[in-house]
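J.: Build the 3D model from these lines:
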Amino acid sequence: MTDKMVDNPSADFQHSGDQGGSTMVHFAEESLGPAPDSQEIAAWIRERIRRGQFVPDQRLVEIDIIRRTGGSRVRVREALQRLAAEGLVTIEPFRGASVRTTSLDELRHIYRARAALEGITAADFVLHASAAQRKRLQQLQDELERCVAERSPERFGRLNSEWHQLLVEGSGNTIVAELLQRLNVPIHRLLFESFYDERRLRTANEDHRRVVGAVLSRDPDGAERAMRAHVQAGFETLSAIERAYHA
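T.: You can find the predicted model right below:
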């Protein structure tokens with residue numbers, strides 16, 4: 001991805017180019033309320049990233065965020081530091097903060113690694129998970145089924161994250177858990193969860209069923225194969241979303 005940004009049709013803000021070729025965002029004034037804290041400001045920015053109102057590589061100019069949210073400079077800087085720690089924002093000397101970006105090639109390599117590692121966690125979950133963790137996995141799967149039936153993409157996204165995390169925890173493999181944490185790509189996960197449609201919900205849930213079926217059948221090899229295929233399918237879906245998002 002480059003510094004050339006895509007104009008967003010949202011009426012909330014307008015873009016203008018700077019001398020470096022990147023794009024700054026200018027907000028209309030709209031306060032969050034009296035003296036919002038850094039957590040509230042971070043949530044406000046995070047939600048606009050999720051909605052696609054702030055796009056990868058876009059600069060986040062402090063004075064504009066202050067005007068829009070009513071936050072102080074100190075609290076805005078704290079919010080940006082919080083988002084940088086989450087991996088959603090990059091802060092560079094002399095340039096300031098911008099929405100983090102990852103190239104599609106880098107993302108491909110990350111997902112290949114995640115497919116292998118999450119496959120291991122699925123297999124290890126079969127071998128090491130407690131009865132309570134197995135029960136919770138089935139409960140989560142039942143909730144995901146209801147999300148598909150009720151067409152609840154945002155809830156599906158939240159439960160999907162919990163489903164994956166439970167498999168990691170139940171595997172008992174702390175080394176793999178640490179490696180997966182390092183491979184986290186929150187900006188793309190946020191984008192992915194924002195664009196679930198009915199077809200994607202069904203497809204992702206079918207993958208989940210295969211993984212859960214293998215786990216409950218105590219088939220570690222089958223669970224690993226199903227999880228690898230699920231993560232790879234996630235990358236293919238995300239690639240299509242990414243291309244459409246920047247088209």
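
J.: now the helices for this protein?
T.: In the chain, the segments counted as helices under DSSP state H are 38-50, 62-69, 73-86, 104-128, 131-150, 153-171, 174-182, 186-194, 198-216, 220-245.

J.: Pull out the buried residues from the fifth one.
T.: What it means is helix 131-150. In terms of neighbour count (16 or more other C-beta atoms under 10 Å), helix 131-150 has its buried residues at Gln133, Arg134, Arg136, Leu137, Leu140, Gln141, Glu143, Leu144, Cys147, Val148. C-beta: built from backbone N, CA, C; applies to glycine.

J.: Relative to Met227, how far out is Ala214?
T.: Here Ala214 is placed at a distance of 9 Å from Met227 (C-beta to C-beta, to the nearest Å).

J.: Between these two, which is the more surrounded one?
T.: The neighbour comparison of Ala214 against Met227 (other C-beta atoms under 10 Å) goes to Met227, with 29 against 22.

J.: do you know how far that one is from Ala131?
T.: According to C-beta to C-beta, Met227 stands 21 Å off from Ala131.

J.: quick one: low-confidence ranges for this protein?
T.: For the chain, the stretches flagged by pLDDT under 70 are 1-33, 185-196, 241-242, 244-247.

J.: 80 instead, please
T.: 1-34, 50-52, 102-103, 184-198, 238, 240-247 (pLDDT under 80).

J.: before we move on, back to that, got any residues that touch both of Ala214 and Met227?
T.: Common contact partners of Ala214 and Met227 (C-beta atoms under 8 Å, 6 or more residues apart in numbering): Ala122.

J.: could I get the helices of the chain as TSV with distance to Arg95?
T.: Shown next, in TSV, are the helices of the chain (distance: least, C-beta to C-beta, whole Å):
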stretch	distance to Arg95
helix 38-50	17
helix 62-69	12
helix 73-86	12
helix 104-128	20
helix 131-150	40
helix 153-171	31
helix 174-182	25
helix 186-194	18
helix 198-216	35
helix 220-245	23
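
J.: Ala35 contacts Val74, correct?
T.: No: applying C-beta atoms under 8 Å as the test, Ala35 and Val74 come out as separate, 10.9 Å apart.

J.: before we move on, back to that, which among the helices of the chain is found nearest to Phe94?
T.: Proximity to Phe94 (C-beta to C-beta) singles out helix 62-69 among the helices of the chain, at 13.7 Å.

J.: What are the buried residues along the closest one?
T.: By 16+ other C-beta under 10 Å, the buried positions in helix 62-69 come out as Asp64, Ile65, Ile66, Arg67, Arg68, Thr69.

J.: quick one: which of these is nearest to Trp44?
T.: Nearest to Trp44 out of the buried residues of helix 62-69 is Thr69 (C-beta to C-beta; 5.8 Å).

J.: Identify, from the buried residues of helix 131-150, the entry nearest to Ser161.
T.: Once C-beta to C-beta is applied, the member of those that ends up nearest Ser161 is Leu140, at 10.4 Å.

J.: for the closest one, what are its contacts?
T.: Leu159, Glu162, Trp163, Leu166.

J.: Next, format the residues you listed as TSV and append neighbour count.
T.: Shown next, in TSV, are the contacts of Leu140 (neighbours: other C-beta atoms under 10 Å):
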residue	neighbour count
Leu159	18
Glu162	13
Trp163	20
Leu166	19
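
J.: Same list as before, those that is, but in TSV and with distance to Ile91 included.
T.: TSV is the format used below for the contacts of Leu140 (distance: C-beta to C-beta, whole Å):
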residue	distance to Ile91
Leu159	32
Glu162	29
Trp163	32
Leu166	33
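
J.: Of those residues, just say which sits nearest to Leu83.
T.: Ranked by distance to Leu83 (C-beta to C-beta), these are led by Glu162 at 21.8 Å.

J.: Contacts only, for the closest one.
T.: By C-beta under 8 Å, 6+ apart, the neighbours of Glu162 are Leu140.

J.: how many other residues sit next to Val231?
T.: Neighbours of Val231 using other C-beta under 10 Å come to 21.
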